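In: Pasted the sequence and its predicted model underneath.
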Amino acid sequence: MGGSIASLLFQPPEISYAHAKKHIIWLKTKKHANIPAFYIDRRSSVTFLFSHGNAEDIGMIYEWFCEFTRELNVNLLAYDYEGYGKAGGTPSESNCYDDIDAAYHFLTTVLHISPTNIIIYGRSVGSGPSTYLAERLSKEGVKIGGLILQSALLSVFRVAFNFRFTFPGDMFPNGDRIGNIRCPFLAIHGTRDEIVPFWNGETLFFNAPVQWRARPIWVEGGGHNNIESLLRENGMFFDLIREFLREWVPSYAGQADNDESQDILDLHTSSKSTYTGLSLRGTM
C-alpha cells in the first residue's frame with residue numbers, strides 16, 4: 001500500500017541539470033546516500049532551507065531562488081530528494097526525512113549557521129519534510145528561525161478527503177505535527193488550488209499553536225503553481241516574506257534595509273495584486 005502511494009506521490013521530472021557542475025554541492029545522508037544541492041550565499045544573517053515540490057528538481061528552481069535571495073537579502077540551501085535530479089536511490093517518505101536532515105546538518109555543522117537563523121521553507125510535497133524537521137527540532141528544544149509552508153498538504157490522504165484524523169498508511173502527517181512546532185509559522189496558499197485544496201493550508205494554520213501563527217498569506221484566485229507569478233510583478237510576494245522576517249526573526253530585523261549584498265554563489269565541497277488584510281486578490 002505504502003509503495004503504491006509513494007509511486008503516485010513522487011513523480012520526478014526528467015533531470016534539468018544533467019551536465020551542470022557549477023553550483024552543485026553534494027550532501028550525504030545517514031544511510032550514505034548522496035544528494036545534490038545548491039547553496040546561495042548573500043552574506044546574510046538569515047538562511048532558508050528549501051524543500052521543493054513533486055514535479056521539479058533543483059535545476060528548475062535555481063534561477064528563481066537567485067532572484068529570491070537577492071530581493072530578500074537572504075542565503076538559501078535547496079536540495080534534491082533521493083530519486084530526483086542527479087540523486088540516486090528511490091524517493092520515499094523516510095528518505096525525504098533523511099534528505100532534509102542531511103541538508104540541516106550541512107547548514108549547522110559545516111557552515112556553522114545557528115538554528116535560530118534558519119528558516120525552513122517547504123512547497124507542496126516539500127511541506128512534508130519541512131514540517132517533520134520543524135517538529136523534530138521543536139521537540140528537542142532547538143529554537144529555529146521559522147517555518148514557511150506554501151501550498152502545503154495536511155497529509156497525503158487528506159489532500160483528497162477531509163478526514164479529521166490520520167489513517168494508517170498515510171504519509172506526511174503535517175496536520176498532526178504542526179501543533180508541536182515551537183517556532184514562527186507562515187502559511188501561504190491559493191484559494192483556488194486545484195491540486196491541494198485551500199482548506200489544507202487553512203486547517204494547518206488553525207492547528208498551529210496560536211502564539212506562533214504569523215499572519216497568513218491567502219492568495220485569492222491563486223492555484224497550486226502560480227502564487228509567485230501572481231504576486232511577482234509588483235513585488236508583493238517579496239514584500240510579504242520580508243514582512244514576516246522583520247516581525248518574527250530578530251537577526252533579520254537587525255539587518256540594515258539598504259544593505260547591499262554581493263552576488264556571490266559560494267561553492268562548498270563536502271496579473272497585479274492588492275493586499276487585503278489576510279488575503280491577496282490576484283488576476284491572471
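Out: Arrived safely. From a predicted model like this one, the values you see are computed outputs, not experimental measurements.
In: Pass me the low-pLDDT residue ranges in the stretch 1-150 of the chain, would you?
Out: 1-7, 21 (pLDDT under 70).
In: can we see that at 80?
Out: Within the stretch 1-150 of the chain, the ranges that satisfy pLDDT under 80 run 1-8, 19-22.
In: Now the nearest residue to residue 166 once chain neighbours are set aside, what are its backbone angles?
Out: Spatial nearest neighbour of residue 166, excluding adjacent residues (C-beta to C-beta, 6 or more residues apart in numbering): residue 173 at 4.5 Å. (C-beta placed from N, C-alpha, C; glycine too.) Main-chain dihedrals, residue 173, degrees, to the nearest 10: phi -80, psi 60.
In: And for residue 120?
Out: phi -80, psi 130.
In: who's it bridged to?
Out: Bridge pairing for residue 120 (DSSP bridges) gives the partners residue 49, residue 147.
In: Might one say that it is in contact with residue 49?
Out: Yes - counting by C-beta atoms under 8 Å, residue 120 does reach residue 49; the two are 5.2 Å apart.
In: related to what we said a few turns ago, ok, now which ones touch the residue nearest to residue 166?
Out: By C-beta atoms under 8 Å, 6 or more residues apart in numbering, residue 173 lies in contact with 154-155, 166.
In: could you dump these to CSV with secondary structure?
Out: Below are the contacts of residue 173 laid out as CSV (DSSP: H, G, I helix; E, B strand; the rest coil):
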residue, secondary structure
154, coil
155, coil
166, coil
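In: Closest one of those to residue 129?
Out: Closest approach between the contacts of residue 173 and residue 129, by C-beta to C-beta: residue 155, at 13.4 Å.
In: Might one say that the closest one is in contact with residue 165?
Out: No - counting by C-beta under 8 Å, residue 165 is not a contact partner of residue 155; they are 9.7 Å apart.
In: okay, those two: which has more neighbours?
Out: residue 155 (21 against 11; other C-beta atoms under 10 Å).
In: What ranges does the protein have for its helices?
Out: 2-9, 58-72, 93-105, 127-139, 156-160, 174-177, 198-207, 227-232, 236-248, 250-253 (DSSP state H).
In: what residues does the longest one touch?
Out: What that stands for is helix 58-72. Here helix 58-72 makes contact (C-beta under 8 Å, 6+ apart) with 13, 15-17, 20, 23, 36-38, 40, 42, 44, 48, 50, 52, 74-76, 78-80, 85, 228, 235, 238, 241-242, 245, 261, 263, 265.
In: Those in strands, which ones?
Out: 36-38, 40, 48, 50, 75-76, 78-79 (DSSP state E).
In: Please tabulate those in JSON lines and include distance to residue 205 as additional columns.
Out: Listed next are these as JSON lines, based on distance: C-beta to C-beta, whole Å:
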{"residue": "36", "distance to residue 205": "32"}
{"residue": "37", "distance to residue 205": "29"}
{"residue": "38", "distance to residue 205": "30"}
{"residue": "40", "distance to residue 205": "28"}
{"residue": "48", "distance to residue 205": "20"}
{"residue": "50", "distance to residue 205": "20"}
{"residue": "75", "distance to residue 205": "27"}
{"residue": "76", "distance to residue 205": "24"}
{"residue": "78", "distance to residue 205": "24"}
{"residue": "79", "distance to residue 205": "26"}
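In: and which of these is nearest residue 202?
Out: Using C-beta to C-beta, these come closest to residue 202 at residue 50, 22.7 Å.
In: Burial check on the closest one, number of neighbours?
Out: The number of residues packed near residue 50 is 24, by other C-beta under 10 Å.
In: got the contact list for it?
Out: Residue 50 touches 61, 65, 76-78, 121-123, 126, counting by C-beta under 8 Å, 6+ apart.
In: again, 10 Å this time
Out: 37-38, 58, 61, 65, 68, 76-79, 100, 103, 119-123, 126, 130, 148 (C-beta atoms under 10 Å, 6 or more residues apart in numbering).
In: go on, residue 241?
Out: Going by C-beta under 10 Å, 6+ apart, the list of residues near residue 241 reads 48, 68, 71-72, 74, 119, 121, 148, 186, 188, 217, 231.
In: quick one: it and residue 143, what's the gap?
Out: The gap separating residue 241 from residue 143 is 20 Å, by C-beta to C-beta, to the nearest Å.
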